[in-house]
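Engineer: next come a sequence and a model predicted from it.
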Amino acid sequence: MTSTQLILVAAGLLAGSGVPGLFADRRARWGEWVAVIATSAAAIAGLLGALLPDAGPSLRMSWGLPWGRFDVAADAVSRVFLLPVFLIPALGTIYGLGYWSQLEHIANGRKLRFFYGLMPAAMAVVILARDGALFLMAWEVMAISAFFLVTTEDDKRETRKAGWVYFVATHVGTLSLFAMFAVLRLATGSFTLAPTDGAVLDPSISRAVFILAVAGFGLKAGLMPLHVWLPAAHANAPSHVSAVLSGVMLKMGIYGLVRITGLLPASPAWWGAMLVAAGAVSAVIGLVFALAQHDLKRLLAYSSIENIGIITVGLGLALLGRSANQPAWAALGLGGVILHVWNHCLFKPLLFFGAGSIQHGAGTRRIERLGGLARRMPRTTGLFLVGSIAICALPPLNGFVSELLIYLGLFRAVGAPGASQLATAAAVAALAFAGGLAAAVFAKLFGMAFLGEPRSDHAIHAHESPATMIGPMTVMAGLCVAIGMFPGITAPLIDRAVAVWWSPIGSQAPSVRGLAPFDWLPFTSLVLLVLSGAGFLALRRALSPAPVQRPGTWDCGYGAPSPRMQYTGSSFGQLLGALFAWATCPRARRPRMGALFPKEARFRSNVPDIVLERAVLPLVRVAADFLRWARLLQQGQIQVYVLYILLTVLVLFISMYAV
Amino acid sequence: MSSAVDAMLVMVLLLNFFVLGSSRIRSIIYTVAGQGVLLGLLPVMVHEGIGLRQAVVSVGAIGLKAVIIPRMLMRAMTDLPIRREIQPLIGFRTSLLLGAVATAASMGLAARLPTLGSAGSQLLVPASLATILTGFIILTTRIKAITQVLGYLILENGVFIFGVLLLEAMPFLVEVGVLLDLFVAIFVMGIIINHISREFSSVSTERLSTLKE
């Protein structure tokens, strides 16, 4: 059995993992265990298939349809993207045993598990597909499954709204991909996804393909300003669904961009510069919005936009390298992309699982109601801390390594004279700034949720989650540490993928290992760990002898501190939030306090998504008004609908044969 | 053999007109059942010699089209409060006229079609098209749900006639596809009928329009 076949079998197992459970009794638990066993087996088979060195020939079969054919292959680029597709859903299904057990979710548990297997299976086919028609079919299955996953709790109004926004957004994206494949087909004469050279594709066509690809895949990846569906969908889906959406599905957009740019002939410099700029904007603005959120999962969703931004900067850098014929830039940029895709698919699901654990234990995801969870949920706290450090790109964890690759590449590009200098220099500054913002965002999140005193009864009565939820999180945290400490183990996979992507250019791409200090990174990390540990101990020693004084009469009003005197999330982020009020346009209702003895008053603020509220929704309303006449077609009578079918058939018939 | 096949196809066409012109549901069910018997005999007549395949297809078609489905419909007639008359949206005379136009058009169209290896009879393709169009006319101009089922049945009969043509080229696929299709249609319409009678206490698809938003 070749590895491609192995991967296909794994995809089949995933797709079928939720099917037996559909026939289970609503109160029976065996469906969950079948799903766990099937997804775990799929993960083992799929990871094995993706890691085996033998690529195997591509599988081709013709099918009965007039377009395309079944054509799959697993090259190195596919393999690196396949790893998360198999790993995360398996962990998520185990997590679901505790988080979304059938007994607690009788109404929607079975549906959730069915689509939870179908979506990664479709993603695996998307990654394997070497034919445009097959790609689009799998893409649609993935998008629709994601819709049903997002709307798992369709009895809630918010969830339905989030689902519809996602539904429209994903179809706009798919439409753009249809156009892209149609253009490719026109130019090359087939739907086959194979590298093309400049002789076949003239610049105007490859420009059109590139722009359509950025629009279509960017919508899926959640690149600013195409991210409109992302925050609400992530916030309203169950947490292990958000984990797969954010950790894996967004990466399909990145995969599509990597794949398509790898097929097109050498690109003009502005492609790369455009992606670098878009990525940098996404990174900074995503975090600015994240800082202003009150909802745990919305915050994490905006942070996903930031990470997609970082990845896009890396891809833009690789494209710049392609246009300037600088293999080192491409190796560092694409290496950073791949490594950050892996890293983000580890620490973001870890954080979403942590958020789910909080929701499970404390019953709320509003940051302002949490606090003091460290004492009540110690294991979740520790794992969440690992995820937070990793996502802030601090050494010695994995986020640092991937961002380091991108930084190294950007520095090389800044050093070289040319048109790309400005974009890359700006991107370096933006990424550095985003790094600082990320630290602020996660300091706020971690501090508000886990430290201090509980701010509500929810937080007071919080309890630790069961082992089925903690276990998968531990695996992810362990992988975060492993990649952070030993990045060298990833180098061979990355090198092979870069070589495939670079191969249309002709020359040899250099190894990431030679360009980045992978080998001495573990030692630096260790030294850093030892130093910070020593510093911590020294600080504690220096502070410990201070005598504790009990406050007397003059306690400045703090004689009986209550949890409400703590910093809130909003007050913590107020300074940075005010700096970026021009971008976020926060809405706040401030109480007026005039009299000497002010009455009880409330302050509330929220930050809606500006692109969605100010641009997309008004546009949709205008479009709906414009298309009102189309409602005439909807008569609600079967007879009329049958008549439409008849007329269509007749028109087709007559136009084909009678004219 | 060809003359016998031609005669049967002409009978099928005549039955189409009878369905279009009749106002009583029971007699239409009988007519459709009769059409089913004719169609069931068709594979045997067209492809001379009774092989196992032709036999299976014939028996299956007659069993489904002429016995089981008409029985189900008859039971629906007795069990549900359905009045005996048809409620057409357009008059019977107009229906007949439309049917005539459709039949003539099918003859014209069939002549322009690329020949599909005219096994058995030149009338196969036009009869198939005319029956499909008749099915569509019934579907679009009758109100009651049960007449919708009959419309689908006639439409499927038309598809079946076309399938007979392809019986030698793609035998199994065509037949299974047609029969399965039919069964699904009956199944769906059965659900619709039950649903309508329970929710709206009337078996008329006009009431379905309240489901529009």
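Structural biologist: Nice, I can see it.
Engineer: for chain A, which helix is longest?
Structural biologist: Counting by DSSP state H, the longest helix found in chain A is helix A:327-362.
Engineer: now do that one: distance to the chain's middle.
Structural biologist: Mean-position distance between helix A:327-362 and its chain equals 8 Å (C-alpha atoms, centre = their mean, to the nearest Å).
Engineer: helix or strand right after it?
Structural biologist: As assigned by DSSP states H and E, the chain's next helix or strand after helix A:327-362 is helix A:373-376.
Engineer: pull the residues that contact that following helix.
Structural biologist: A:358, A:361-362, A:380-381, A:449-451, A:454, A:459, A:462-464 (C-beta atoms under 8 Å, 6 or more residues apart in numbering or on different chains). Quick note: C-beta positions are derived from backbone N, CA and C, even for glycine.
Engineer: try it again at 7 Å.
Structural biologist: When contacts are defined by C-beta atoms under 7 Å, 6 or more residues apart in numbering or on different chains, helix A:373-376 is touched by residues A:358, A:362, A:381, A:449-451, A:459, A:462-463.
Engineer: do stretch A:86-96 as well
Structural biologist: With contacts defined as C-beta under 7 Å, 6+ apart, stretch A:86-96 is touched by A:10, A:14, A:35-36, A:39-40, A:42-43, A:46-47, A:116, A:120, A:240, A:243-244, A:247-248, A:345, A:349, A:353, A:468-469, A:471-472, A:475-476.
Engineer: follow-up on the earlier one: can you redo the contacts of helix A:373-376 as JSON lines with neighbour count, secondary structure and pLDDT?
Structural biologist: Output for the contacts of helix A:373-376, formatted as JSON lines (neighbours: other C-beta atoms under 10 Å in any protein chain shown; DSSP: H, G, I helix; E, B strand; the rest coil; pLDDT from 0 to 100):
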{"residue": "A:358", "neighbour count": "28", "secondary structure": "helix", "pLDDT": "91"}
{"residue": "A:362", "neighbour count": "27", "secondary structure": "helix", "pLDDT": "87"}
{"residue": "A:381", "neighbour count": "21", "secondary structure": "helix", "pLDDT": "92"}
{"residue": "A:449", "neighbour count": "29", "secondary structure": "helix", "pLDDT": "88"}
{"residue": "A:450", "neighbour count": "25", "secondary structure": "helix", "pLDDT": "89"}
{"residue": "A:451", "neighbour count": "17", "secondary structure": "coil", "pLDDT": "88"}
{"residue": "A:459", "neighbour count": "25", "secondary structure": "helix", "pLDDT": "82"}
{"residue": "A:462", "neighbour count": "26", "secondary structure": "coil", "pLDDT": "84"}
{"residue": "A:463", "neighbour count": "11", "secondary structure": "coil", "pLDDT": "86"}
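Engineer: if we check chain B, which of these are in contact?
Structural biologist: Near chain B, taking C-beta under 7 Å from any C-beta of the partner chain as the test, no member of the contacts of helix A:373-376 is found.
Engineer: next secondary structure after the one helix or strand residue B:109 maps to?
Structural biologist: Assignment of secondary structure by DSSP H and E places residue B:109 within helix B:92-112. In the C-terminal direction, the helix or strand that comes right after helix B:92-112 (DSSP H and E) is helix B:124-141.
Engineer: neighbouring contacts of that following helix?
Structural biologist: A:639, A:642-643, A:646, B:9, B:12-13, B:16, B:19-20, B:88-90, B:95, B:98-99, B:102-103, B:106-107, B:109-110, B:113, B:116, B:118, B:147-148, B:150-152, B:154-155, B:157-159, B:161-162, B:164-165.
Engineer: can you say which of the residues you listed are buried?
Structural biologist: Neighbour counting by 16 or more other C-beta atoms under 10 Å in any protein chain shown classes A:639, A:642-643, A:646, B:9, B:12-13, B:16, B:19-20, B:88, B:95, B:98-99, B:102-103, B:106, B:109-110, B:147-148, B:150-152, B:154-155, B:157-159, B:161-162, B:164-165 among the contacts of helix B:124-141 as buried.
Engineer: please work out how many residues are found near residue A:338.
Structural biologist: When counting by other C-beta atoms under 10 Å in any protein chain shown, one arrives at 28 neighbours for residue A:338.
Engineer: how about residue A:94?
Structural biologist: Residue A:94, neighbours per other C-beta under 10 Å, totals 22.
Engineer: and what of residue A:180?
Structural biologist: Residue A:180 has 24 neighbouring residues, counting by other C-beta under 10 Å.
Engineer: returning to that earlier point: between which two of the contacts of helix A:373-376 is the distance greatest?
Structural biologist: A:451 and A:463 (18.1 Å; C-beta to C-beta).
Engineer: pull the contacting residues for the residue sitting nearest the centre point of chain A.
Structural biologist: The residue lying closest to the centre of chain A (C-alpha atoms, centre = their mean) is residue A:246, at 2.9 Å. The contact partners of residue A:246, by C-beta under 7 Å, 6+ apart, come to A:234, A:301, A:304, A:348, A:352.
Engineer: give me the subset of these that also touch chain B.
Structural biologist: Here nothing survives when those are matched to chain B using C-beta under 7 Å from any C-beta.
Engineer: for chain B, state which of these is nearest.
Structural biologist: Closest approach to chain B among those (C-beta to the nearest C-beta): residue A:234, at 29.6 Å.
Engineer: nothing else from me, thank you.
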